[in-house]
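> Take a look and give me a structure for this.
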Amino acid sequence: MVRDLYDGVAMARFFSTLMLISGVAPVVAPLVGGQLLRMTDWRGVFVVLTVIGVVLALLVRFCLHETLPPERRKAGGLGEALGAMRGLLADRVFTGYMLSGGFAFAALFAYISASPFVIQDIYGASPQTFSLLFGLNSIGLVIVGQINGKVLIGRFSLDKALGWGLAVITAAAVALVVLTSGALGEPGLVPVAAGLFVLMSAMGLAMPNTNAQALMRSRDAAGSASALLGTSTYLLGAIASPLVGIAGEHTAVPMAVVQLGCAVAAVLCFVLMCRPGRRADTAVEPAP
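Numbering: from 1, shown residues only. Next comes the predicted model:
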């Protein structure tokens with residue numbers, strides 16, 4: 001829908017606005033869930049989720065209208081969708097942005113999976129402190145996402161903003177590897193929390209710009225492109241998540257190593273496949 005309604009800088013800015021939802025939801029959801037458990041047990045949580053799902057389905061069915069102009073609509077079907085996906089994956093630049101965003105998101109998933117036992121069990125923070133730090137990281141992501149949309153985009157190219165984001169994510173991951181490995185002695189909670197905050201915040205530069213750049217190369221196959229972006233993102237996140245606990249619950253090194261590996265992979269895909277600065281930013285339509 002964003003691809004139907006926006007293009008270029010306007011699309012990147014809108015994706016940055018959507019980061020508000022991505023950042024606020026992890027802050028609000030635990031608060032709502034905690035209050036909900038005062039009134040019901042865990043079974044009641046699933047009842048509420050079911051109700052929310054039904055309401056959302058009804059809103060989509062009756063309130064969310066088609067955004068693609070009639071003259072650009074196609075008959076659709078599985079065969080056409082698969083053909084569009086093959087064409088998109090054959091586009092090296094699209095695939096580069098898809099993988100860059102997916103690996104960056106995998107680093108975020110590694111944080112989400114590991115942070116409860118890293119912050120609480122290893123570094124001794126209370127549940128309240130963990131909740132506070134989780135909320136601060138989400139706020140950092142929101143703020144940087146808004147800076148990306150309202151300050152950087154339009155003054156700098158999307159590739160440059162994306163490159164800065166990936167560079168900061170990689171630097172934060174390197175710092176976390178050094179800290180958690182004990183190379184500088186026992187770091188304590190504050191330096192590790194600061195590294196995670198920087199890594200999370202920089203996602204506000206990486207995620208909206210990879211989506212915008214990828215979708216700008218798929219004007220007539222936005223649905224297939226969006227499906228590929230979403231599937232690859234959560235697939236890479238699902239692969240990264242269990243790796244953070246591979247050495248048990250008493251070391252944070254696997255989390256940092258997974259994050260660094262994902263960050264380096266994102267940078268390599270961006271530099272080698274997208275080739276920023278060495279190509280024209282023109283959309284390439286997939287083969288039918």
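> Which stretches in the stretch 51-200 of the chain count as strands?
Under the criterion DSSP state E, counting those that start in this stretch, the stretch 51-200 of the chain carries no strands.
> which stretches of it aren't confidently modelled?
For the stretch 51-200 of the chain, not a single residue meets the criterion pLDDT under 70.
> Swap in 90 and give it another go.
For the stretch 51-200 of the chain, applying pLDDT under 90 flags the ranges 65-84, 112-113, 115-117, 120-122, 124-136, 138-139, 141-142, 149-150, 153-155, 182-188.
> In it, mark out all the helices, start to finish.
78-90, 92-116, 127-147, 158-180, 189-215 (DSSP state H, counting those that start in this stretch).
> Out of those, which gets nearest to Ala10?
helix 189-215 (9.4 Å; Cβ to Cβ). C-beta: built from backbone N, CA, C; applies to glycine.
> Follow the chain on from the closest one and name the next helix or strand.
For helix 189-215, the succeeding helix or strand toward the C-terminus, using DSSP states H and E, is helix 222-243.
> Now do the buried residues in that next one.
222-226, 228-229, 232-233, 236-237, 240-241, 243 (16 or more other Cβ atoms under 10 Å).
> Name the residues of stretch 239-257 that are buried.
Ala240, Ser241, Leu243, Val244, Gly245, Thr251, Ala252, Val253, Pro254, Met255, Ala256, Val257.
> quick one: contacts for the fourth one?
With contacts defined as Cβ atoms under 8 Å, 6 or more residues apart in numbering, Val244 is in contact with Ala110, Ser113, Ala114, Pro254, Met255, Val258.
> What about the closest residue to it other than its chain neighbours, how many residues nearby?
What sits nearest to Val244 in space, not counting adjacent residues and going by Cβ to Cβ, 6 or more residues apart in numbering, is Ala114, at 3.9 Å. When neighbours are defined as other Cβ atoms under 10 Å, Ala114 has 24 of them.
> likewise Leu141?
Around Leu141 there are 26 residues (other Cβ under 10 Å).
> Does it touch Met200 like I think?
Yes: under the criterion of Cβ atoms under 8 Å, Leu141 makes contact with Met200 at 5.3 Å.
> hey, which helix is longest across the chain?
The longest helix of the chain (DSSP state H) is helix 8-36.
> coming back round to it: which pair in the contacts of Val244 spans the largest distance?
Of all the pairs that these form, the one spanning the most space (Cβ to Cβ) is Ser113 and Pro254, at 10.3 Å.
> what touches both of the two?
Val244, Gly245.
> Isn't Phe94 up against Met85?
No: contact criterion Cβ under 8 Å: Phe94 and Met85 do not qualify, at 10.5 Å.
> For Ala167, which non-adjacent residue is spatially closest?
The shortest distance from Ala167 to any non-neighbouring residue, by Cβ to Cβ, 6+ apart, is to Val267 (7.5 Å).
> relative orientation of the one helix or strand the one you found maps to and helix 189-215 in degrees?
Per DSSP H and E, Val267 falls inside helix 253-269. Per axes from the mean of the first three to the mean of the last three Cα atoms, to 10 degrees, the angle that helix 253-269 makes with helix 189-215 is 30 degrees.
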